[in-house]
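# Turn this into a model:
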Amino acid sequence: DHSMKSMQASQLVLLMDCLPNNDLREIMLKYGSRQRLFFFRGDGSRSVDMGRVRADLAAAMFLLSDRNSENHDSEDQITVLRALTARRINPTIKCYAQMLQPENIPLIINAGVKRQDVMCVNQMRLGLLGAATACPGLPALLLNLVQSISWRQSLAVSSWHQEYCEGMMMEIYSFQLKP
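From the prediction side, this is the model:
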């Protein structure tokens, strides 16, 4: 059951075409024991694999690209194919997509993903770089707000990094600004 009635009742299914790395394994061990996180090996562009993970019952799907891919256009095409497969299996599914190239955004929109549900990595990276010219230090500030290091990692740094590492161990997850 992929219902999203509440955050506590939500289940997350990972469908990947490769084995998980050590960081993902750690997360899977932490949450997999509570019957909230499930891992399947397969391809989201194949109907058979989407059937195994019961995409027909899913409320939402996150289509993530391989940012380390050498061919970004090819990776975006795979993301579009996955969106088309998901929409064919479950026409009411809410899709969120990560694209690598801004010129490929119209393709994912034509596949049925709403524009506000598409995030383009290169577009965001270049926008942040442009904002840094007007406000130096902004990228470092934003990165430190959304990225943290573990307590174990902070022990491995030299003494002059200690104060910086204490700040990096604090991460903002979500907040709302009132108008």
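# contacts, neighbours, all on C-alpha from now
Will do.
# count of neighbours near Thr85?
Using other Cα atoms under 10 Å, Thr85 has 19 other residues around it.
# could we number from 50 for the rest of this?
Happy to do that; since the first residue is 50 now, the last one works out to Thr134.
# helix or strand right after the helix or strand hosting it?
Taking DSSP states H and E as the criterion, Thr134 maps to helix 121-138. Note on helix 121-138: by DSSP H and E, the next helix or strand toward the C-terminus is strand 143-148.
# orientation of that next one relative to helix 121-138 in degrees?
Computed by axes from the mean of the first three to the mean of the last three Cα atoms, to 10 degrees, the angle separating strand 143-148 from helix 121-138 equals 170 degrees.
# Okay, now the sheet partners of strand 143-148, with direction.
The strands beside strand 143-148 in its sheet (DSSP bridges) come out as strand 109-112 (parallel), strand 167-169 (parallel).
# hey, which helix or strand in this structure has the poorest pLDDT?
helix 200-204 (a mean of 56; mean pLDDT, DSSP states H and E).
# that older thread, want to throw the strands paired with strand 143-148 into TSV with mean neighbour count, mean pLDDT and distance to Ser59?
What follows is those, written out as TSV (neighbours: other Cα atoms under 10 Å; pLDDT from 0 to 100; distance: least, Cα to Cα, whole Å):
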stretch	mean neighbour count	mean pLDDT	distance to Ser59
strand 109-112	17	92	11
strand 167-169	17	94	22
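# which residues does the residue sitting nearest the centre point of the chain contact?
By Cα atoms, centre = their mean, the mean C-alpha position of the chain lies nearest to Leu113, the distance being 5.5 Å. Contacts for Leu113 (Cα atoms under 8 Å, 6 or more residues apart in numbering) come out as Thr128, Ala146, Gln147, Met148.
# Now with 10 Å, please.
With contact set as Cα atoms under 10 Å, 6 or more residues apart in numbering, Leu113 has these partners: Glu124, Asp125, Thr128, Arg131, Tyr145, Ala146, Gln147, Met148, Leu149, Met168.
# how many neighbours does the fifth one have?
The number of residues packed near Tyr145 is 20, by other Cα under 10 Å.
# was I right about it contacting Arg136?
No. The criterion here is Cα atoms under 10 Å, and Tyr145 misses it with Arg136 at 11.9 Å.
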